[in-house]
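1. dropping a prediction and its sequence here:
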2 protein chains.
Amino acid sequence: MHMALKFVLLTLLDRERITGYDIVKTFDSAVGYFWSASHQQVYRELSKLTDQGLVNFTSVKQGDKPDKKVYRITRSGKQELQDWLHEPAKESPTKDLLLVKLLNLRADNVDVLLEELDRAIKNAQQRASVYSGIEKTYYSKTQIAALELDDLALFLALRKGITSITSHIDWLHQTSAEIKKRVANNN
Amino acid sequence: MHMALKFVLLTLLDRERITGYDIVKTFDSAVGYFWSASHQQVYRELSKLTDQGLVNFTSVKQGDKPDKKVYRITRSGKQELQDWLHEPAKESPTKDLLLVKLLNLRADNVDVLLEELDRAIKNAQQRASVYSGIEKTYYSKTQIAALELDDLALFLALRKGITSITSHIDWLHQTSAEIKKRVANNN
DNA sequence: TCTGCCATGTAATCTGTTACATGATTCT
DNA sequence: AGAATCATGTAACAGATTACATGGCAGA
């Protein structure tokens, strides 16, 4: 997870010129299913990257609205990004608080945990339907073969979101069912 | 992710009395597929929890080896844990650096990314075989129905590890194949 | 009028990582 | 002789989260 945001920003800036504000908005939509960060983090990181000469910006006056800082990647920014791509990624350990909660499974809090699982199922299903909505509207079967490479990457990321949320939902159903079965038998 | 380690430790201490050292070891094995932390974090957090009266410890002399601090949860620790279980968990956003790398997909670095995907496939397969090894040795089909509730939780956590790594591997194969297809067609 | 959007920022705090440190014992 | 294990800790730094802050404009 080290230096992660730095390379996320360089990656986005290598695709297009964009403001910090718009990067944060991206995290709420397209890029959101594999990365996100708060505006504080983004602004802080962008000024650090500017100091290091990896990005720079032009202030754009807009009359009514406050000035924009439109960022772009520099040549040495591109170089650092390329170097990073060539380093093998070390995999970061999983951290799942829902499983920690599950470890507290005892007769006296089965109910709370089942509620938590139900909530998780609802959230996951909602997210799943958002994803498949995007898949249908943006990428119909016939278009996929015609996608440009960088759009293909976005599509594959979406597919990742869909497959992992689907298997998550499966697991949630199975564990909920398993726990309910126990409770029923021990009455 | 806020205050997460605190509740991980309280959860573990609610199951059994244990030293900081052994908690760290647990992160390398059983609990490892849904949480981990370094010994520095664990020791820092344990002394903080001691100050707050949520846990306490007894020093155990061992003659040859250094003294142990065997921790146990206090009544107010149990209370805080229970309160936490009753709060609905907010889901933490996904962060996946591999997808960030993929976003850099362009003709000139297809090769690097395919290598990265291959590496990811190998790692994932290795982890998958570890998990299914555990499943086979610890939980044979006939035993599952007979598991105690708290052992059941560990089993369900393992199932989560297995289903998510399996779908991850599926996706890795699909995307690798898709990218290779493009490269082949554009020659 | 109040909420939300546009667009940026600072400050305080908490969490996580890396490096350094001790000191005896057991295994190779 | 050298490495690994047992068992604990400090210090410095990097990363993430939360709260606080500005100030105009658009729409309900």
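-> Received, thanks. Numbers count the residues shown, from 1 in each chain, chains lettered A, B, ... in the order given.
2. neighbouring contacts of the least confident helix or strand in chain A by mean pLDDT?
-> Taking mean pLDDT, DSSP states H and E as the measure, helix A:141-144 is the helix or strand of chain A with the lowest mean score, a mean of 78. Defining contact as Cβ atoms under 8 Å, 6 or more residues apart in numbering or on different chains, one finds that helix A:141-144 is touched by A:Leu152, A:Phe155. Bear in mind the C-beta positions are built from the backbone N, C-alpha and C, glycine included.
3. anything in the very next helix or strand once past that helix near chain B?
-> Next in sequence after helix A:141-144, counting helices and strands by DSSP states H and E, comes helix A:149-185. Yes. Interface with chain B: helix A:149-185 contributes A:149-150, A:152-154, A:156-157, A:159-161, A:163-164, A:166-168, A:170-171, A:174-175, A:178-179, A:182 (Cβ under 8 Å from any Cβ of the partner chain).
4. which of the residues you listed count as buried?
-> A:152-154, A:156-157, A:159-161, A:163-164, A:166-168, A:171, A:175, A:178-179, A:182 (16 or more other Cβ atoms under 10 Å in any protein chain shown).
5. okay, now the residue of chain A found nearest DNA strand D: neighbour count?
-> Residue nearest to DNA strand D within chain A (Cβ to the nearest atom of the strand): A:Gln40, separated by 3.8 Å. Close neighbours of A:Gln40, defined as other Cβ atoms under 10 Å in any protein chain shown, add up to 9.
6. over to A:Ser176?
-> 18.
7. kindly report the same for A:Thr94.
-> Counted by other Cβ under 10 Å, the residues lying close to A:Thr94 total 15.
8. A:Lys101 now?
-> Going by other Cβ under 10 Å, the residues that sit close to A:Lys101 add up to 22.
9. element containing it, please.
-> Assigned by DSSP H and E, A:Lys101 falls in helix A:97-102.
10. give me the domain ranges for chain A.
-> A:4-86, A:97-185 (automatic domain parsing).
11. gap between the two ends of the first one?
-> Domain A:4-86 has an end-to-end distance of 15 Å (Cα to Cα, to the nearest Å).
12. ok, that domain near chain B or not?
-> Yes. Judged by Cβ under 8 Å from any Cβ, domain A:4-86 comes into contact with chain B at A:4, A:7-8, A:11-12, A:14-15, A:31-36, A:81-82, A:85-86.
13. distance of the residue nearest to the spatial centre of chain A from B:Leu152?
-> In chain A, the centroid-proximal residue (Cα atoms, centre = their mean) is A:Phe34; its distance is 2.3 Å. From A:Phe34 across to B:Leu152, the span is 32 Å (Cβ to Cβ, to the nearest Å).
14. what does A:Ala124 give?
-> Distance, A:Ala124 to B:Leu152, by Cβ to Cβ: 22 Å.
15. can you show me the helices along chain A?
-> Counting by DSSP state H, chain A has these helices, from start to end: A:4-15, A:20-28, A:39-51, A:75-86, A:97-102, A:110-138, A:141-144, A:149-185.
16. helices or strands up against the third one?
-> Packing contacts for helix A:39-51, counted by 3 or more Cβ pairs under 8 Å, 6 or more residues apart in numbering or on different chains; DSSP states H and E, involve helix A:4-15, helix A:20-28, strand A:55-62, strand A:65-73.
17. the second one versus strand A:55-62: what angle between them?
-> Going back to what we said before, that points to helix A:20-28. Taking axes from the mean of the first three to the mean of the last three Cα atoms, to 10 degrees, one finds that helix A:20-28 is oriented at 110 degrees with respect to strand A:55-62.
18. may I have helix A:20-28 exported as CSV, CA atoms only?
-> C-alpha atoms of helix A:20-28 as CSV (Å, rounded to 0.1, in the frame of the first residue of the first chain):
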residue,chain,number,x,y,z
GLY,A,20,-7.8,17.8,-8.0
TYR,A,21,-11.5,18.4,-7.5
ASP,A,22,-12.3,16.3,-10.6
ILE,A,23,-10.0,13.5,-9.4
VAL,A,24,-12.0,13.3,-6.2
LYS,A,25,-15.2,13.2,-8.3
THR,A,26,-13.7,10.3,-10.3
PHE,A,27,-13.3,8.4,-7.1
ASP,A,28,-17.0,8.7,-6.5
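19. where does chain A get nearest to DNA strand C, which residue?
-> A:Tyr21 (3.1 Å).
20. my guess is that residue contacts A:Leu46. True?
-> No. In this structure A:Tyr21 lies outside contact range of A:Leu46 using Cβ atoms under 8 Å: 10.5 Å.
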